[in-house]
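**Q** I'd like to go over a predicted model; first the sequence, then the structure.
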Amino acid sequence: MVEPNYLIIMNKNQIELRLLPKYFKKIAFGIMLATLCFILLFVSEIITTDKEVTKTISKSLFLISLLILSMTKNKIEDELTLVIRLKAFAASFIFGVLIVIIDPFINLLFEGAFLLNKGVTELLISMLLVYFSMVFIMKRNR
């Protein structure tokens, strides 16, 4: 029997989240390290590229590494970890929606002095950081 290729597989009695193998954490941290080295080489003017190109490449690589980290299995992956992971994803999604809704009102209230204007990449990075912080808090409190 062939398994479906979508993210959540629902059997009769349990839900299974299809995640990347554990060794992808090393790949994600390698991408983060490469991003940091790229930024340091740009700041020290060894690499001379356009500032906007460097920002775009750095943000994209950091976002990819966070996404890989969020979708990688832990050493111990059980039902509680699955529930924690799904609750953290829900919380980070709600955070992202609230930021998008509240941002125009904050800018209107403070007349542009309090700038939360985030691009899509910054919003996704902040959502993934909220995800990791929620996972950390929930795992610590279990």
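**A** That came in fine, so what should we check first?

**Q** OK, contacts around the residue nearest in space to the middle of the chain?
**A** Geometric centre of the chain, nearest residue: residue 128, 2.7 Å, by C-alpha atoms, centre = their mean. Residues counted as contacts of residue 128 (C-beta atoms under 8 Å, 6 or more residues apart in numbering) are 63, 66-67, 70, 92. In this view, the C-beta of every residue, glycine as well, is placed from N, C-alpha and C.

**Q** Shouldn't it be within a strand?
**A** No. Assessed with DSSP: H, G, I helix; E, B strand; the rest coil, residue 128 is helix; it does not lie in a strand.

**Q** so residue 124 touches residue 63, yeah?
**A** Yes. Between residue 124 and residue 63 a contact is recorded at 5.7 Å, counting by C-beta atoms under 8 Å.

**Q** From the structure, what's the count of residues near residue 96?
**A** Neighbour count of residue 96, defined by other C-beta atoms under 10 Å: 18.

**Q** Let me see the contact set for it.
**A** 123-124, 126-127, 130.

**Q** secondary structure element for it?
**A** Assigned by DSSP states H and E, residue 96 belongs to helix 79-109.

**Q** What mean pLDDT does that helix get?
**A** Averaged over helix 79-109, pLDDT sits at 88.
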